[in-house]
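Undergrad: Got a predicted structure here, sequence first:
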Amino acid sequence: MSKTHMLRRWRRAAIVGLAAAAVVLSGCSIQITSQPDPSIGADTMLINADKGNPFFTRNFNPYLTNTRTASRWIYEPLILVNPLDGTLNPWLASEWSQPDARTIIMTIRDGVQWSDGEDMTADDVAFTFQLLKDNPSLDIKGAWQHLESVETDGSDVILHLQTDDAPSLSILGQTMIVAEHTWEDVKDPGTFRNEQPVGTGPFVLGNYNDQQYSMDKNPDYWQADKIQVEHIILPSTNSQLDTVSRGYDWAYSFISDVEGTWGAASDHNAWWFPPGGVIALMPNLEVAPFDDVNVRRGIALSLDREEIAETASEGYMKPAGQTGLILPNQEEYLDPSIPDQGMITQDTDAALAAFGEAGYTLQGDQLVGADGKQLEFALTTANGFTDWTRAAQTVQSQLAAVGVKVTLKLPQPAGYQSAISNGDFEMAIGGMGNGDVYQAYNNLLSSEFYVPSGEATANNFERYRSDEVDALLAEYRETVDTARQMEIVKELQGIVYDDLPVIGLYYGGIWGLFSDAKFTGWPSEEDPYMIPQNYDSAPLMIFTRLERVKGEDK
């Protein structure tokens, strides 16, 4: 599989993750209550995190796209990243250093064992990186787009980079490590299902069938004293009604009227929906008139983001500013010289003035260009992404008020992804931003991803190009001076604010649902120690923070 294809696949996963799949239960005339299974013990967690199609395939290869969700709780990364704000937490690497922008030294944690009793060492880490090099389809994080070579020195793993590339630390650190002694004789790692997984994580595979499987606590886990969950059950059938009524301890889903459905089903049910990205209008900058910043500014000034956020997310999410930052997660990076934290408020007079700079005038109820034709365009979004569709409809209505005609195109998700990748759109709804500010700006703006419309790209779907931005991104890669990196981030957000390569609308939510009937310590707005998703590696941190509810507290 090509690197471009791999990047596109994981970029697609990130974008789709910000789109809501609505659970419409609020209109039910019968009160829905949660009915936990009485056969599930107080030490056991029921999680809605894995779905069969309709049945499970026994696949615990952590590098395959169709791996079971729990494989990421069996295998661990070197560094555990909180996607909310980019915080790097030491994990299998107890510490690291960057003596220069081309070298990363990771010290591998002492006292870690594989679940079969063998010691985990730096040699396992070096073996894992070589495995990814030899089998590029497994290199899901793109490690070897950054690496030149890997060597070991005692408990240290030394990563030599291809070029000055300081920000690659977080990418390389997310590599999940596998055991050399169980993988070295695998003939085809790219198809290996790893049905008897051996990992370093907090859980091992328990009972398994194609409709449900269980996980058991790993008694030899290096943080076993922090794990109070003894067993996990993951069913393959998780309908929308199941999410509310089945008694799950942890689920991840957008639910319409969460208070009246999930919240009303049990006094123990809680939720936290933090912002995880920015939903934005993405113009194709190679299509006139979007190559004119005045047109982009006119559109930005025409929009009432409060209404868009309220309509699209049912009030769960707030309007987003025009810096590309996710607030309040990344407030430390915000340039205080940018007014109103980058929020652009609706101003019809200013919008018409900006359109006027581009040669458009309001004639009756139409915004007309010098050619006498009304400004009109098609806005593309993915069919089934309900919040994006509602956002697109609201944008359509608001732009009609200033004389711009917008039609909606709603291809299926695969068709949508193909359209934005190949530049087959005029304007699209899309996502930008993530917890790693450098990666967010690099993915959005770097001309390394630029290809003309008609050719496929993995990022920079709007086809933005700027020598100034490329120079700033290059300088960021070349320095390990965190103060200078902060200055560069402020310069980049100023460019996004002024040049409007994309137009921010509202924040995309992370839809964490959990119950404190049996376990407490869930991440929250007051304690945002980890993103509340129950997939990928985030649960590794959450499992260490959960505490059993004592009998007298129930």
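TA: Received, thanks.
Undergrad: Start and end of stretch 265-278, how far apart?
TA: 31 Å (Cα to Cα, to the nearest Å).
Undergrad: Just the buried residues of the longest helix seen in the chain, please?
TA: What stands out as the longest helix in the chain, according to DSSP state H, is helix 482-499. Buried positions in helix 482-499, judged by neighbour count with 16 or more other Cβ atoms under 10 Å: Gln485, Glu487, Ile488, Val489, Leu492, Gln493, Ile495, Val496, Tyr497, Asp499. Using the backbone N, CA and C atoms, a C-beta is placed for each residue, glycine as well.
Undergrad: just how off-centre is it within its chain?
TA: The gap between where helix 482-499 is centred and where its chain is centred comes out at 22 Å by Cα atoms, centre = their mean, to the nearest Å.
Undergrad: Are there helices or strands packed against the following helix or strand past it, and which ones?
TA: Moving toward the C-terminus from helix 482-499, the first helix or strand encountered (DSSP states H and E) is strand 503-509. When contacts are defined as 3 or more Cβ pairs under 8 Å, 6 or more residues apart in numbering; DSSP states H and E, strand 503-509 packs onto strand 275-283, helix 293-302, helix 305-313, helix 386-400, strand 427-432.
Undergrad: now with 6 Å?
TA: Strand 503-509 sits against strand 275-283, helix 305-313, with contacts defined as 3 or more Cβ pairs under 6 Å, 6 or more residues apart in numbering; DSSP states H and E.
Undergrad: hey, which of these is tucked in deepest?
TA: strand 275-283 (a mean of 26; mean count of other Cβ atoms under 10 Å).
Undergrad: Next, the angle helix 293-302 makes with it.
TA: Per axes from the mean of the first three to the mean of the last three Cα atoms, to 10 degrees, the angle that strand 275-283 makes with helix 293-302 is 130 degrees.
Undergrad: elements contacting strand 275-283?
TA: Short answer (3+ Cβ pairs under 6 Å, 6+ apart): strand 275-283 packs on strand 427-432, strand 503-509.
Undergrad: Of all the helices and strands packed on strand 503-509, which one is nearest Met120?
TA: Of all these, it is strand 275-283 that lies closest to Met120, at 31.2 Å by Cβ to Cβ.
Undergrad: Given the closest one, what are its sheet partners and their directions?
TA: According to DSSP bridges, strand 275-283 forms sheet pairs with strand 427-432 (antiparallel), strand 503-509 (antiparallel).
Undergrad: now the angle between helix 482-499 and the shortest one, please.
TA: Between strand 427-432 and helix 482-499, the angle comes out at 160 degrees (the same axes, to 10 degrees).
Undergrad: average pLDDT across strand 427-432?
TA: Averaged over strand 427-432, pLDDT sits at 93.
Undergrad: repeat for stretch 468-475
TA: Mean predicted confidence for stretch 468-475 is 97.
Undergrad: Now do the buried residues in that stretch.
TA: Neighbour-count burial for stretch 468-475 [16+ other Cβ under 10 Å]: Val469, Asp470, Leu472, Leu473.
Undergrad: Show me what it is in contact with.
TA: Asn442, Leu445, Ser446, Ser447, Ile488, Glu491, Leu492, Ile495 (Cβ atoms under 6 Å, 6 or more residues apart in numbering).
Undergrad: just for this structure, where's the confidence low?
TA: 1-31, 552-554 (pLDDT under 70).
Undergrad: rerun that using 80 as the cut-off
TA: 1-37, 53, 237-240, 551-554 (pLDDT under 80).
Undergrad: Just put the helices and strands packed on strand 275-283 in JSON lines and tack on distance to Asn294 and mean neighbour count.
TA: Output for the helices and strands packed on strand 275-283, formatted as JSON lines (distance: least, Cβ to Cβ, whole Å; neighbours: other Cβ atoms under 10 Å):
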{"stretch": "strand 427-432", "distance to Asn294": "16", "mean neighbour count": "25"}
{"stretch": "strand 503-509", "distance to Asn294": "13", "mean neighbour count": "25"}
